[in-house]
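S.K.: got a structure for you, letters missing:
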């Protein structure tokens with residue numbers, strides 16, 4: 001697998017954050033099937049673990065892996081990202097004091113204080129697909145950009161528009177495979193979907209206090225502090241956060257052990273923000289070695305989440321997985 005493909009797949013790997021030592025391969029695969037990895041010692045009669053629902057759909061003789069929310073762009077390097085994991089908490093400082101500073105002087109956005117039937121969200125990300133070639137020579141991979149805008153009401157109705165870019169291929173073998181099997185490619189261009197009632201699930205908006213954010217977003221805690229960043233990114237992909245909720249998110253992360261400030265970074269659109277990170281594999285029983293980091297980039301004025309990352313290049317440069325482009329409220333879908 002090429003480095004580019006690995007970087008693309010890593011941020012959306014359902015088993016990301018699952019770290020086990022040397023041992024039985026089947027045991028490893030069994031643990032990776034679930035989206036909750038417990039580090040606790042075995043206990044009698046454990047409750048059934050939450051499992052990620054999977055559908056296996058035969059398509060001719062090909063095995064297909066779909067990926068969403070993968071690499072968008074490579075930007076400024078993160079200091080020390082190729083070195084050993086950073087400490088949980090910097091000596092003499094809160095976990096991420098830079099976020100408390102933003103929360104303490106938060107400024108309003110253009111949509112604060114407004115209302116409307118629909119929440120407007122626009123997000124840019126890359127997606128991809130890998131298919132096992134029938135001759136057994138490897139995986140054919142295609143990647144393409146996605147820019148989606150969603151107008152969503154409380155009852156799940158509204159509209160969703162996705163603009164897909166032209167397909168790109170990491171190698172000639174992939175290009176040739178998809179040229180022979182164009183039916184496996186997604187259609188480039190604009191796709192608009194009208195949503196009736198319950199057309200899309202509406203993510204609940206937690207109460208605007210740090211303790212509730214901690215309880216709702218830092219799950220499962222066995223995954224360690226990187227899971228807190230994943231929870232914040234997921235919330236921002238589902239909802240527009242009012243000022244009080246942004247303050248609560250910032251203060252929740254500012255007091256979460258293992259979340260540390262990384263200085264200023266720039267997203268693919270040229271916006272500069274304050275970055276924080278948390279190492280993966282740092283749960284109650286930390287895994288040895290460096291397993292990479294989750295990163296979030298916040299607007300230093302408004303506390304809005306600008307971008308999120310789950311990967312980096314071999315040189316340590318951040319690969320932003322998702323870029324949050326527009327938020328607001330409206331009474332009419334665009």
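M.R.: In hand now; what should we look at? Here the structure is a predicted model, which is why all the values come from computation and not from measurement.

S.K.: Any stretches of the stretch 101-250 of the chain with poor pLDDT?
M.R.: Scanning the stretch 101-250 of the chain for pLDDT under 70 picks out no residues.

S.K.: For it, just list every one of the strands.
M.R.: 118-132, 139-152, 158-164, 189-195 (DSSP state E, counting those that start in this stretch).

S.K.: Tell me which of the ones you listed sits nearest to residue 171.
M.R.: Ranking the strands of the stretch 101-250 of the chain by proximity to residue 171 (Cβ to Cβ) places strand 139-152 first, at 7.9 Å. To be clear about C-beta, it is placed using only N, CA and C from the backbone, and glycine gets the same treatment.

S.K.: between that closest one and strand 118-132, how many degrees?
M.R.: 170 degrees (axes from the mean of the first three to the mean of the last three Cα atoms, to 10 degrees).

S.K.: tell me which residues in strand 139-152 are buried?
M.R.: 139-152 (16 or more other Cβ atoms under 10 Å).

S.K.: now stretch 172-181
M.R.: 174, 177-178, 181.

S.K.: returning to that earlier point: in TSV, list the buried residues of strand 139-152 along with distance to residue 266.
M.R.: Shown next, in TSV, are these (distance: Cβ to Cβ, whole Å):
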residue	distance to residue 266
139	32
140	33
141	28
142	28
143	22
144	24
145	19
146	21
147	19
148	23
149	23
150	26
151	29
152	29
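
S.K.: tell me the two of those residues that are most distant?
M.R.: 139 and 151 (36.3 Å).

S.K.: hmm, back to that, farthest-separated two in the buried residues of stretch 172-181?
M.R.: Farthest apart among these - using Cβ to Cβ - are 174 and 181, which lie 10.9 Å from each other.

S.K.: hang on, the earlier thing: which among the buried residues of stretch 172-181 gets closest to residue 209?
M.R.: Nearest to residue 209 among those, with distances taken as Cβ to Cβ, is residue 174, at 48.3 Å.

S.K.: I figured the closest one was touching residue 138, is that so?
M.R.: No. If you go by Cβ atoms under 8 Å, residue 174 and residue 138 don't touch, sitting 9.0 Å apart.

S.K.: tally of neighbours for the closest residue in space to residue 191 that isn't next to it in sequence?
M.R.: Closest residue to residue 191 apart from its sequence neighbours, by Cβ to Cβ, 6 or more residues apart in numbering: residue 162 at 4.9 Å. Neighbour count of residue 162, defined by other Cβ atoms under 10 Å: 16.

S.K.: if I read this right, residue 162 contacts residue 148, doesn't it?
M.R.: Yes. Using Cβ under 8 Å, residue 162 is in contact with residue 148, at 4.5 Å.

S.K.: tell me the contacts of the residue nearest to residue 196 when sequence neighbours are not counted?
M.R.: With Cβ to Cβ, 6+ apart as the measure, residue 157 is the residue that lies nearest to residue 196, at 5.7 Å, once sequence neighbours are left out. By Cβ atoms under 8 Å, 6 or more residues apart in numbering, residue 157 lies in contact with 195-199.

S.K.: quick revisit: so for residue 295, which of the strands of the stretch 101-250 of the chain sits nearest?
M.R.: With Cβ to Cβ, the closest approach to residue 295 among the strands of the stretch 101-250 of the chain belongs to strand 118-132: 15.0 Å.

S.K.: how big is the angle separating the closest one from strand 158-164?
M.R.: 40 degrees.

S.K.: Identify each buried residue in strand 118-132, please.
M.R.: In strand 118-132, counting by 16+ other Cβ under 10 Å, buried: 118-131.

S.K.: Quick one: list the elements packing against that strand.
M.R.: helix 3-9, strand 64-70, strand 139-152, helix 226-238, strand 317-330 (3 or more Cβ pairs under 8 Å, 6 or more residues apart in numbering; DSSP states H and E).

S.K.: Next, the angle from that strand to helix 226-238.
M.R.: 120 degrees.

S.K.: partner strands of strand 118-132, parallel or antiparallel?
M.R.: strand 64-70 (antiparallel), strand 139-152 (antiparallel), strand 317-330 (antiparallel) (DSSP bridges).

S.K.: right, so of those, which gets closest to residue 104?
M.R.: strand 317-330 (22.0 Å).

S.K.: What's the mean pLDDT across the closest one?
M.R.: Per-residue pLDDT values across strand 317-330 average out to 93.

S.K.: Any buried residues in it, and which?
M.R.: Going by 16+ other Cβ under 10 Å, strand 317-330 has these buried residues: 317-325, 327-330.

S.K.: And stretch 212-227, by the same measure?
M.R.: 213-214, 217-218, 220-221, 223-227.

S.K.: for stretch 96-107, same thing?
M.R.: Buried-residue list, stretch 96-107, by 16+ other Cβ under 10 Å: 96, 98-100, 102-103, 106.

S.K.: In terms of pLDDT, where does residue 292 sit?
M.R.: 77.

S.K.: list the contacts for it?
M.R.: Contact analysis of residue 292 by Cβ under 8 Å, 6+ apart lists 10, 279-280, 310-312.

S.K.: What of residue 122?
M.R.: Neighbour list for residue 122: 147-150, 324-327 [criterion: Cβ under 8 Å, 6+ apart].

S.K.: which among these gets closest to residue 248?
M.R.: For the contacts of residue 122, the nearest to residue 248 is residue 327 (16.7 Å; Cβ to Cβ).
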